[in-house]
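1. return atomic coordinates for the entry below.
(one chain, ligands or ions: 2)
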Amino acid sequence: MKTVTLTIDGQKISARLGEKLLRAALDNGIYIPNLCYIKDKPESSASCRLCWVEIEGIKEPVTSCTVVAAEGMAVNTRGEKSLALARAGFELIMASHALDCAHCAANGVCELQKIARHLKVSLKTKRLRLLTRELPLDDSNPLFTYDPNKCVLCGRCIWACRHDVQSGVFGFAHRGFDRVMTTFADEPIGKDQCLDCHRCIEVCPTGALAFKDSVKTPDKKG
Ligand code: SF4
Ligand code: SF4
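-> Ligands and ions are numbered 1, 2, ... in the order given. Below you'll find the predicted structure:
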């Protein structure tokens, strides 16, 4: 296996040839905020706009999920410009999020909580007007619920359902503020559509897809 050597935050690391910076960092224990990235997906959708880093010799920050790690690269995940961009992106996401951690199945394992800690910001946006949608909860599946008000439109569940189990229960519908992760024809998830593999719950970074009642929501891993 061919590798390249680079530094991230002063730490010398090896990455597989052709590997993206975000994967290389995460594999070496260096956290960069991310939501739409999912391991093994060949091309990132680069839609969450959180994984900004600065690279020596490049003027503006870049998204680490789209840039390939190269020999000799010097990467900084803590630069002021990249942190400012990540904080702005996170605030936009949280401006339409139905925040209620105390009653949420993902409390304690939620990626949004982790990102807020990492960026040293509040989960509750102070500058932006809150625009939540009060969409109906889907609890038609006997084992888990889908709460679109906690969905951050990352697309992980859509990809995992199609790629990992060759099913296609989920997809995006509508555009702009009305965009929503849903099922074909907006049918209830229910037993008929779903194979009950629970892969979507594992990859969902929030409490949007969560087991009902007694089953502990797993640690989130994209
Ligand atoms: S999804 Fe995360 S941030 Fe949102 S209410 Fe649940 S635990 Fe809190
Ligand atoms: S339900 Fe979860 S995994 Fe699916 S798009 Fe929403 S936040 Fe992402």
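
2. now Leu6. Nearest residue, chain neighbours left out?
-> Nearest residue to Leu6 in three dimensions, chain neighbours excluded: Met73, at 4.0 Å (C-beta to C-beta, 6 or more residues apart in numbering). Where you see a C-beta, it was placed from the backbone N, CA and C, and this is true even at glycine.

3. what's the separation between the one you found and ligand 1?
-> 33 Å (C-beta to the nearest ligand atom, to the nearest Å).

4. surely Thr182 is in a helix?
-> No. Read with DSSP: H, G, I helix; E, B strand; the rest coil, Thr182 is strand and lies in no helix.

5. ok, stretch 172-190 near ligand 1 or not?
-> No. Using C-beta under 6 Å from any ligand atom, stretch 172-190 stays clear of ligand 1, coming no nearer than 13.7 Å.

6. please identify the buried residues of stretch 192-203?
-> Across stretch 192-203, burial judged by 16 or more other C-beta atoms under 10 Å covers 193-194, 198-203.

7. would you mind listing what in the protein touches ligand 1?
-> 97, 99-101, 104, 106-107, 110, 112-113, 123, 150, 206-207.

8. in which helix or strand would I find Lys114?
-> Element membership of Lys114, judged by DSSP states H and E, is helix 111-119.

9. go on, Cys161?
-> For Cys161, the host element (DSSP H and E) is helix 156-165.

10. just the strands in the chain please.
-> According to DSSP state E, the chain carries its strands in the segments 3-8, 11-16, 52-55, 62-63, 74-76, 144-146, 170-173, 180-183, 209-211.
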